[in-house]
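> Fold the following for me, if possible:
(chains A and B)
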Amino acid sequence: DTEVTQTPKHLVMGMTNKKSLKCEQHMGHRAMYWYKQKAKKPPELMFVYSYEKLSINESVPSRFSPECPNSSLLNLHLHALQPEDSALYLCASSPKWEGASTDTQYFGPGTRLTVL
Amino acid sequence: RKEVEQDPGPFNVPEGATVAFNCTYSNSASQSFFWYRQDCRKEPKLLMSVYSSGNEDGRFTAQLNRASQYISLLIRDSKLSDSATYLCVVGAPYSSASKIIFGSGTRLSIRP
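Next comes the predicted model:
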């Protein structure tokens, strides 16, 4: 099973809402990632979790709050978002994260988020 | 200068043609290199990792030139199904500001 799943596929939320994005993998990978991708742009790294611990936060605003409850799950909690946060949010996993090198990443299909 | 740069294209080539993309990176201490492809409104998928010795997978050949700090992707006998955006990805050492950097992507369109 080389699949990363993400739910929901689409999400529309208001600026005062609280919502969560979910990501799951059962490949035994110990590194998981959140990316944000705007239209016609490459993915931008937001967070890296390694062995369920937050390793990298790429100066993401606090209205995005990641959580890694266990080695298979990764959540992204959203609160008080802005319309400019509308984007495709991609989750990825890889066997490990060692900082100096990067394993092949497997991406989920993404959640397309619209903030009204 | 961007940390990872790609020619955005689009490259529009006939079926059966050979096409090559380059990607340059600025951090000489970068450790890992990949080519991903991304279809419209889909997630990126790994095409191949790039090694110093070069590697080939069917019609695809990837090479790394550390001295000149670029990676390349060669597609031979291109198929209609090769139409996609090709993203180079560079893994930088831990001390860098950004650890995983995607190039902006090169759009490839294969015409019949």
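
> Get me the contact residues on chain A for chain B.
Residues of chain A lying close to chain B by Cβ under 8 Å from any Cβ of the partner chain are A:33, A:41-45, A:48, A:56, A:58, A:90, A:99-110. In this view, the C-beta of every residue, glycine as well, is placed from N, C-alpha and C.

> Only the buried subset of the residues you listed, as a PyMOL command please.
A single PyMOL command selects the buried members of the residues of chain A next to chain B (16 or more other Cβ atoms under 10 Å in any protein chain shown):
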select buried, chain A and resi 33+42+43+44+45+48+56+58+90+99+102+103+105+106+107+108+109+110
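
> quick one: which of the residues of chain A next to chain B sit in strands?
Judged by DSSP state E, the subset of those located in strands is A:33, A:44-45, A:48, A:56, A:90, A:106-107.

> how about A:Val48, what does it touch?
Counting by Cβ atoms under 8 Å, 6 or more residues apart in numbering or on different chains, A:Val48 touches A:31-33, A:54-56, A:97, B:99-100.

> Packing partners of the lowest-mean-pLDDT helix or strand in chain B?
Lowest mean confidence among the helices and strands of chain B (mean pLDDT, DSSP states H and E): strand B:100-102, at a mean of 88. Contacts defined by 3 or more Cβ pairs under 8 Å, 6 or more residues apart in numbering or on different chains; DSSP states H and E place strand B:100-102 against strand A:44-50, strand B:84-91.

> Go again with 10 Å.
strand A:31-37, strand A:44-50, strand B:4-6, strand B:32-38, strand B:84-91 (3 or more Cβ pairs under 10 Å, 6 or more residues apart in numbering or on different chains; DSSP states H and E).

> Just put these in CSV and tack on distance to A:Thr7.
CSV is the format used below for the helices and strands packed on strand B:100-102 (distance: least, Cβ to Cβ, whole Å):
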stretch, distance to A:Thr7
strand A:31-37, 14
strand A:44-50, 18
strand B:4-6, 31
strand B:32-38, 21
strand B:84-91, 25
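
> in the sheet, who's paired with A:Met13?
Note on A:Met13: beta-bridge partners by DSSP bridges are A:Val115.

> circling back: mind picking the two most distant members of the contacts of A:Val48?
A:Leu54 and B:Ile100 (15.1 Å; Cβ to Cβ).

> Which residue of the two possesses the greater neighbour count?
Legend: neighbour count by other Cβ atoms under 10 Å in any protein chain shown for A:Leu54 and B:Ile100, higher for B:Ile100 (25 against 12).

> That one and B:Ala17, how far apart?
Per Cβ to Cβ, to the nearest Å, B:Ile100 is found 31 Å from B:Ala17.
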